[in-house]
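Visitor: Predicted structure and sequence below. I'll ask about it afterward.
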Amino acid sequence: MYDLQRNIEKIQKLEADKWTLFLEMFTVRFGELADQMRKIQAGQDKVADMNERLLKKNELAKKLQVSISTISKLQTEGLPSMPCGAAIRFDYLEVLQWLRGRRRKHGNEARCMVA
């Protein structure tokens, strides 16, 4: 009878250990999945940021509060742009940096629209 009781206790302990191990594995796996989801979200945020930064000519003109012809003129002067298929896109941050550098080079003559 004593052996039977001891065997039952061992089985109960094994069952408890099994569930403890399962919960630990689940917690670790859940944490890994949460980390992966955070990385994916961060990547999506970067893509979203880049999509917000890449502008069409008319969007850039509107954002800088100038005409489309001014953007065309600035393109002939070296305004940074990039091809996207058949279209041209402007990285807003690069454009701002270029405009600020242009203003430093030419002073007030540049008539730059960036503060």
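Guide: Cool, got the structure. Since we're looking at a predicted model, the values are computed, not measured.
Visitor: Tell me the strands beside the longest strand that the chain contains, with direction?
Guide: Longest strand of the chain, by residue count under DSSP state E: strand 87-91. Here strand 87-91 has these sheet partners by DSSP bridges: strand 54-55 (antiparallel), strand 82-84 (antiparallel).
Visitor: for the ones you listed, which one ends up most surrounded?
Guide: Compared across the strands paired with strand 87-91, strand 54-55 shows the largest average neighbour count, a mean of 20 (mean count of other C-beta atoms under 10 Å). (Each C-beta comes from the backbone N, C-alpha and C, glycine too.)
Visitor: returning to that earlier point: mind checking the strands paired with strand 87-91 for the one nearest to Y92?
Guide: When these are compared by C-beta to C-beta, strand 54-55 sits nearest Y92, at 5.7 Å.
Visitor: contacts for that closest one?
Guide: 63, 82, 84, 89-92 (C-beta atoms under 8 Å, 6 or more residues apart in numbering).
Visitor: 7 Å instead, please
Guide: Residues outside strand 54-55 that contact it (C-beta atoms under 7 Å, 6 or more residues apart in numbering) are 63, 89-92.
Visitor: That's all I had, so thanks and see you.
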